[in-house]
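# any chance you can model this:
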Amino acid sequence: MGNPTPDPSGVSPAVSAGVITDVLMKLATQVPGSTEATADEPLPRAQALARHAAAKAAAISGSLALPPGPLGLVTVLPDLVTIWKVQQQLVTDIAAVYGKQAALRQELMVYCLFKHGAAHLARELVVRVGQRYLVKQATRQVLQNVLKKIGVNITQRVLGKSLSRYVPVLGALAIGAYAYYDTAQVAKTAIETFSRPVVTDGTDGEPA
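Have a look, this model is predicted:
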């Protein structure tokens, strides 16, 4: 068999918006556990976790981007999934450090992962009200619609990342740097969120 023919748009068929939406739905319903304990001073620990996760994401993403040309396009989806899992664990660990792991619903996970790149969409799931964050209880259809829109945004961004795979080494460095930045932004959102009270819409009692 010969080398795969690249899509004229520069995006691999494996990373269509529909495929990405399906992946996001599976990830959104899987909130990982954490071995982190609640910290007396959570910010320094959360920042250390963020640096470690960002460096790990950069190394993974940069390595997967090393294969040049069409071969590199095959790694786009595994790259996205692996980085999202690193970021998922980071969000869970930061929630645990702040003593908020019990409040980490799938809506809040999606908000932390994608707020920095799609704030207007993330606000359909979580909103800040004064000094607290209100998590809306979303039906599966609502969650799927939000993730579908996020998937379209990500697919458009993947176009640029895919073209970078045609520039050996420099392209990998750029992609690794973006993974570091993206993960740092996820950490920033998680720290901002879990450092304040978090409540779920429709529930009673004191906020977490």
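# what sits against the residue nearest the centre of the chain?
Centroid-nearest residue in the chain, with C-alpha atoms, centre = their mean: L113, separated by 3.5 Å. Contact analysis of L113 by C-beta atoms under 8 Å, 6 or more residues apart in numbering lists 84, 87-88, 91, 186. From N, CA and C alone the C-beta is placed, and that goes for glycine too.
# please repeat the previous calculation with a cut-off of 6 Å.
87, 186 (C-beta atoms under 6 Å, 6 or more residues apart in numbering).
# what helix or strand is it on?
Using DSSP states H and E, L113 maps to helix 106-114.
# report the backbone C-alpha coordinates of that helix in CSV.
What follows is helix 106-114, C-alpha atoms only, in CSV (Å, rounded to 0.1, in the frame of the first residue of the first chain):
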residue,chain,number,x,y,z
GLN,A,106,-19.0,16.4,33.5
GLU,A,107,-20.3,19.9,32.8
LEU,A,108,-17.6,21.4,34.9
MET,A,109,-14.9,19.2,33.3
VAL,A,110,-15.9,20.4,29.8
TYR,A,111,-15.9,24.0,31.1
CYS,A,112,-12.3,23.7,32.5
LEU,A,113,-11.0,22.0,29.4
PHE,A,114,-12.4,24.4,26.8
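# mind listing what's buried in the helix or strand following it?
For helix 106-114, the following helix or strand on the C-terminal side (DSSP H and E) is helix 119-122. For helix 119-122, a neighbour-count test (16 or more other C-beta atoms under 10 Å) marks 121-122 as buried.
# so what does helix 119-122 touch, helix or strand wise?
Secondary-structure packing of helix 119-122 (3 or more C-beta pairs under 6 Å, 6 or more residues apart in numbering; DSSP states H and E): helix 140-164.
# can you pull out the helices in the chain?
Assigned by DSSP state H, the chain shows helices spanning 17-28, 42-64, 69-73, 76-97, 106-114, 119-122, 140-164, 170-194.
# worst average pLDDT in those?
Ranked by mean pLDDT, those bottom out at helix 69-73, with a mean of 48.
# any idea how far stretch 96-109 is from the chain center?
Taking C-alpha atoms, centre = their mean, to the nearest Å, the mean C-alpha location of stretch 96-109 is offset from the chain mean by 15 Å.
# stretch 94-108 too?
With C-alpha atoms, centre = their mean as the basis, stretch 94-108 stands 15 Å off its chain's centre.
# now swap in stretch 108-116 and tell me
7 Å.
# so what's the residue count around V91?
28 (other C-beta atoms under 10 Å).
# likewise V31?
There are 18 residues near V31, going by other C-beta under 10 Å.
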